[in-house]
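Undergrad: Show me how the following folds:
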Amino acid sequence: MGRWGGKVKTSAFEKQQWKDVDLILHAVDEEKSMALIDGEFLESASAATSPSHYHDVNMTGAVNKEKNLSFTIYKAVTYILPMVFMLIAVLTGCNQLHTFKPDITSDLINGVIEPNTPFLFTFILMTAPRKNGVTYIKETLTSYLNNFPDESVDPLYSRIQIIVYTHFTDFQGYDEAKAYFDTIPKARKHVKWVREQGSEKNQRKHLVSAIRKIGTSEDSVYLGIMEDDFPFCSDGWQQMINTIYEANQKVPDHCGAFIATGGSGLIFKRSVALTASFILENDVLAHERGEVVSPPDISLQNCMRGKHDYCSSCTGTMVISKTLLQGHLGYNSSTSGDGYNRNQFQCGWRHPFVSLSKQ
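TA: So this is what the prediction gives:
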């Protein structure tokens with residue numbers, strides 16, 4: 001209304017002026033708002049870029065890193081390591097279960113290997129005087145007999161015999177051992193004593209004589225060449241039984257099995273042992289002519305490996321035990337004069353011929 005109480009009419013020009021003013025005021029308000037926001041942002045940025053802020057951030061980061069590292073170690077010790085150990089235990093158990101083979105029973109091996117042949121095993125225990133009068137016959141023979149049952153009749157063990165053989169007329173250690181074992185019932189039943197007259201220290205001749213005398217008089221599937229200072233290990237006898245059974249199942253045309261070292265533990269098929277005696281005999285003659293020949297134990301090993309013309313049919317059939325099944329008491333008192341460290345080639349050692357298996 002106007003000064004006089006009436007309405008005042010606004011012109012179109014005035015309306016446009018007032019509209020422009022409103023737009024200007026609105027723009028000013030927006031600029032003020034933006035300025036306030038920018039100011040707050042600048043303050044924050046300034047605070048963030050201050051040295052004290054960097055110090056606080058660095059301290060916080062270091063603390064967080066330590067906490068994260070501690071937590072990671074805690075998780076590794078509490079969760080990861082036990083899982084790793086558990087996994088290793090499971091894998092080890094699975095491997096043992098996979099490779100586990102039960103021991104072969106007496107009835108099983110007795111029934112599958114030429115049950116009509118009187119003897120399955122005939123072990124020739126070669127013995128001779130040693131330097132300083134040392135003798136190991138008692139310890140070694142006892143390690144054999146400990147595996148024989150006390151019962152008077154056993155189907156398998158009635159087919160196993162041990163023949164203690166010497167080629168020396170004068171041998172006190174042999175006499176004492178015989179007198180000792182003659183008082184033991186198992187020994188009287190399963191052990192024979194054979195003595196040839198002589199005094200010559202010639203291992204080749206002794207082996208030829210023993211193999212031919214016993215190999216032609218005893219009807220046995222196997223003829224084992226053993227030495228008097230190689231006793232069976234605690235589980236060696238059973239492992240020998242297992243090895244012979246596996247040989248018959250997997251390598252039926254094998255010539256024998258090697259379960260120890262040197263000249264002991266060579267368990268030949270009887271016919272192959274007799275063949276090997278001719279190799280030894282030829283070595284005796286060659287040595288007498290002054291020729292260089294292999295030691296007798298090497299000649300026997302080579303026959304079992306098929307490395308000699310006489311034993312060529314044995315090529316590729318060699319069977320060995322995984323570890324040595326006999327220890328060696330006479331490591332430093334060999335009749336040949338050789339010797340080695342007391343810890344070498346003992347029970348549990350990996351068989352030296354393991355890489356030559358079936359070669």
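Undergrad: low-scoring stretches of the stretch 51-200 of the chain, by residue?
TA: Applying pLDDT under 70 to the stretch 51-200 of the chain flags the ranges 51-77, 79, 81, 89-90, 92-100.
Undergrad: Could I get the full set of helices for it?
TA: Under the criterion DSSP state H, counting those that start in this stretch, the stretch 51-200 of the chain contains helices at 51-75, 81-99, 106-112, 137-145, 172-181, 185-190.
Undergrad: any idea of the angle the fourth one forms with helix 172-181?
TA: Between helix 137-145 and helix 172-181, the angle formed by their directions is 40 degrees, by axes from the mean of the first three to the mean of the last three CA atoms, to 10 degrees.
Undergrad: which secondary structure elements does helix 137-145 contact?
TA: strand 119-126, strand 160-166, helix 172-181, helix 185-190, helix 236-250 (3 or more CB pairs under 8 Å, 6 or more residues apart in numbering; DSSP states H and E). Where you see a C-beta, it was placed from the backbone N, CA and C, and this is true even at glycine.
Undergrad: With the third one instead?
TA: Helix 106-112 makes packing contacts with helix 236-250 when contacts are defined by 3+ CB pairs under 8 Å, 6+ apart.
Undergrad: hmm, back to that, turn the helices and strands packed on helix 137-145 into TSV, including distance to residue 110 and mean neighbour count.
TA: Shown next, in TSV, are those (distance: least, CB to CB, whole Å; neighbours: other CB atoms under 10 Å):
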stretch	distance to residue 110	mean neighbour count
strand 119-126	7	22
strand 160-166	10	23
helix 172-181	25	16
helix 185-190	15	15
helix 236-250	10	19
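Undergrad: will you turn those into a markdown table that also has distance to residue 139?
TA: Shown next, in a markdown table, are these (distance: least, CB to CB, whole Å):
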| stretch | distance to residue 139 |
| --- | --- |
| strand 119-126 | 12 |
| strand 160-166 | 13 |
| helix 172-181 | 10 |
| helix 185-190 | 14 |
| helix 236-250 | 14 |
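Undergrad: Residue 132: which of those is closest?
TA: Of all the helices and strands packed on helix 137-145, helix 172-181 sits nearest to residue 132, with 11.2 Å by CB to CB.
Undergrad: The closest one versus strand 160-166: what angle between them?
TA: Helix 172-181 and strand 160-166 are oriented at 150 degrees to each other (the same axes, to 10 degrees).
Undergrad: Which secondary structure elements does helix 172-181 sit against?
TA: helix 137-145, strand 160-166, strand 191-195.
Undergrad: Nearest approach to residue 248 belongs to which of those?
TA: The nearest among the helices and strands packed on helix 172-181, by CB to CB, is strand 160-166 at 15.9 Å.
Undergrad: Mind listing the strands that closest one pairs with, and their directions?
TA: In the sheet, strand 160-166 lines up against strand 119-126 (parallel), strand 191-195 (parallel) (DSSP bridges).
Undergrad: and those strands as CSV, adding distance to residue 142?
TA: Formatted as CSV, the strands paired with strand 160-166 follow (distance: least, CB to CB, whole Å):
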stretch, distance to residue 142
strand 119-126, 12
strand 191-195, 11
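Undergrad: What separation is there between residue 188 and residue 204?
TA: 32 Å (CB to CB, to the nearest Å).
Undergrad: Over to residue 347?
TA: Distance, residue 347 to residue 204, by CB to CB: 28 Å.
Undergrad: Those two - which one has more neighbours?
TA: Taking other CB atoms under 10 Å, residue 347 and residue 204 do not tie; residue 204 has more neighbours (20 against 17).
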